[in-house]
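Engineer: what follows is a predicted structure for the sequence shown.
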Amino acid sequence: MGSRRVLVTGCSSGIGLSVAARLAKDELGRFKVVATMRDLEKRGALEKAAGDALNQTLEIKELDVCSEASIKECVNSLPDRRVDVLVNNAGVGMIGPLECQSTAAVKEIFDTNFFGLVRLVKEVLPDMKRRQSGHIVVMSSVMGIQGLLFNDVYSASKFAVEGFCESLAVQAMKFNIKTTLVEPGPVVTEFERKLYELAETMDLSKTDEETAKIFREMYLPYSKKIFTSLGQSPEEVSEQTFKLITTKDPPLRHQTNRLYTPMTALKHADPTGRLPLDTFYKMVFKHDRVFNATYLFVRLPYWKITELM
């Protein structure tokens with residue numbers, strides 16, 4: 001059996017870069033990686049990470065997930081248009097009070113995070129069906145399972161991704177096509193750093209004073225604590241994604257950070273939604289008193305697991 005061709009989007013930095021490099025450096029040589037990005041001038045970091053794999057098991061191509069023509073041109077350039085594994089990673093973030101976000105900016109988030117995925121899947125799915133094989137891997141988020149304060153639009157885009165994939169997965173199974181949602185929590189990348197830098201200086205004049213104060217004085221400091229305490233590296237996420245791609249029977253959903261499992265489990269524990277809502281309310285609005293207790297609550301299952309290993 002020959003190498004599987006993997007198309008990865010959003011490879012100029014972060015998770016996408018790390019996933020592409022990891023697959024290209026597979027010790028068993030199982031993959032030919034097509035690492036894509038919207039702006040090829042940003043390819044330097046990927047070329048450095050790829051090392052000797054560059055132009056051997058990894059090639060770099062231009063692809064803009066917001067353009068059907070760009071997607072088609074990229075896929076058409078591949079031998080027999082063959083994509084055995086699609087890793088949809090390209091995405092953008094948005095945080096802040098809803099009143100401060102323009103409708104145009106909201107649409108841009110969905111155009112990349114949701115419609116970008118739809119465009120890609122529409123392009124590669126028919127060929128996967130004809131071959132009766134394939135694997136669609138989607139970088140989602142724990143915020144596609146549980147909404148978070150001041151992440152309304154980003155979370156909504158990931159909820160859309162989750163619903164789309166969960167629905168499509170049933171049909172895909174009929175054609176022997178696997179579907180996997182990778183759900184990281186906070187990941188420490190340059191992308192995240194810039195997002196929070198912009199948030200600290202954003203114009204909050206369109207919201208009320210109390211909401212602005214909550215965002216600047218409570219949410220942002222709390223988020224920094226979360227990233228410091230629970231954040232993963234892109235390499236951690238890419239290694240788990242690598243294992244999901246190489247396993248024979250990958251799951252529909254995989255959370256990369258076990259420390260978040262107790263929090264997302266709250267939603268399923270109470271169908272009324274009251275339990276997670278109350279919990280997150282206390283975490284945010286009483287965080288000075290509750291944060292340490294919450295952190296211990298999240299850490300405890302991990303400690304118990306590691307003690308048994």
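Structural biologist: That came in fine, so what should we check first?
Engineer: helix/strand/coil for Val6?
Structural biologist: strand (DSSP: H, G, I helix; E, B strand; the rest coil).
Engineer: you'd agree Val34 is up against Val8?
Structural biologist: Yes - shown here, Val34 and Val8 form a contact pair, counting by CB atoms under 8 Å, at 7.0 Å. Glycine gets a C-beta too; all of them are placed from N, C-alpha and C.
Engineer: okay, the two: which has more neighbours?
Structural biologist: Val8 (31 against 24; other CB atoms under 10 Å).
Engineer: so how far is Ser223 from the more buried one?
Structural biologist: 28 Å (CB to CB, to the nearest Å).
Engineer: equivalent analysis for Val87, please.
Structural biologist: 27 Å.
Engineer: neighbour count for these two, which is higher?
Structural biologist: Using other CB under 10 Å as the criterion, Val87 and Ser223 rank with Val87 on top: 33 against 20.
Engineer: quick check: beta-bridge partners of that one?
Structural biologist: Note on Val87: beta-bridge partners Val8, Val137, judged by DSSP bridges.
Engineer: residues contacting it?
Structural biologist: Residues near Val87 by CB atoms under 8 Å, 6 or more residues apart in numbering: 6-9, 16, 19, 137, 139, 241, 245.
Engineer: go again with 7 Å.
Structural biologist: 6-8, 19, 137 (CB atoms under 7 Å, 6 or more residues apart in numbering).
Engineer: which two of those have the greatest separation?
Structural biologist: Leu7 and Val19 (11.2 Å; CB to CB).
Engineer: higher neighbour count, the two?
Structural biologist: Neighbours per residue (other CB under 10 Å) separate Leu7 from Val19, with Val19 holding more: 31 against 26.
Engineer: now that one: which helix or strand?
Structural biologist: Element membership for Val19 (DSSP states H and E) is helix 14-24.
Engineer: pLDDT averaged over that helix - what is it?
Structural biologist: Mean pLDDT, helix 14-24: 97.
Engineer: so which elements touch the helix or strand following that helix?
Structural biologist: Next along the chain after helix 14-24, taking DSSP H and E as the criterion, comes strand 31-37. Contacts defined by 3 or more CB pairs under 7 Å, 6 or more residues apart in numbering; DSSP states H and E place strand 31-37 against strand 4-8, helix 14-24, strand 58-62.
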